[in-house]
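Undergrad: here's a sequence, model it:
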Amino acid sequence: MADPNASVPIGKGAADRARAPESDRALPNAWLVVALAWIVPGAGHLMVGRMRKAVMFCAALMLMTSIGLAFGGRLFPFQMSEPLVFLAAVAQWALLVPRLVAEMAGWGQGRVVAITYEYGNTFLIVAGLLNLLVMFDAFDRARGRRRS
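TA: Prediction:
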């Protein structure tokens, strides 16, 4: 049994032990994790060993992108003259590979006359913004800031 009166080295208190990683495995480079999470949704979580979250995020974001395209949503171009169009494009480019695949396939032209056009745009924009949050979470996990 450890002596409660024994001195604890500076910086090795209970608070530091609580912050210590649960496992001794090396964490991947956080910037590489973010880059992979940007390229393919969920890949960052896969790199940090969170398989269930990786599959869940990938499936949810791909489904949202597919629904947005099926609803006739538009893949917005970068237009600095139109601030809202520019911000929508930034949000959509947060999903790199799905955005590139949709553009190369000719999807996302935007059917303005479709009753679901605005819903499609919303799905596409929100999918990109959610991927930004997923990227931040993967970054924090790679840096050892989050464990649960």
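Undergrad: neighbours of residue 129, how many?
TA: 15 (other CB atoms under 10 Å). (Glycine included, C-beta is placed from N, CA and C.)
Undergrad: which residues sit in contact with it?
TA: By CB atoms under 8 Å, 6 or more residues apart in numbering, the contact set of residue 129 is 91, 94.
Undergrad: start the count at 15, not 1, going forward
TA: Fine by me, first position is 15 from now on; the one you just mentioned is residue 143.
Undergrad: and the helix or strand where it lies, how far out from the chain's middle?
TA: Secondary-structure assignment from DSSP states H and E places residue 143 in helix 131-156. Here the centre of helix 131-156 is set off from its chain's centre by 6 Å, with CA atoms, centre = their mean, to the nearest Å.
Undergrad: just the buried residues of that helix, please?
TA: Using 16 or more other CB atoms under 10 Å as the test for burial, helix 131-156 gives 131, 134-142, 144-145, 148-149, 151-153, 155-156.
Undergrad: likewise stretch 98-105?
TA: Here stretch 98-105 shows 102-103, 105 as buried, counting by 16+ other CB under 10 Å.
Undergrad: any weak-confidence spans in this structure?
TA: Applying pLDDT under 70 to the chain flags residues 15-39.
Undergrad: please name the nearest non-neighbouring residue to the residue nearest the centre of it.
TA: Nearest to the mean C-alpha position of the chain, by CA atoms, centre = their mean, lies residue 148 at 2.6 Å. Computed as CB to CB, 6 or more residues apart in numbering, the closest residue to residue 148 that is not its neighbour in sequence is residue 71, at 5.0 Å.
Undergrad: how near is residue 155 to residue 142?
TA: 20 Å (CB to CB, to the nearest Å).
Undergrad: how about residue 90?
TA: For residue 90 relative to residue 142 (CB to CB), the value is 10 Å.
Undergrad: and residue 93, by the same measure?
TA: 16 Å.
Undergrad: got it, and residue 122?
TA: As judged by CB to CB, residue 122 and residue 142 stand 12 Å apart.
Undergrad: got it, and residue 64?
TA: Counting by CB to CB - residue 64 and residue 142 are separated by 21 Å.
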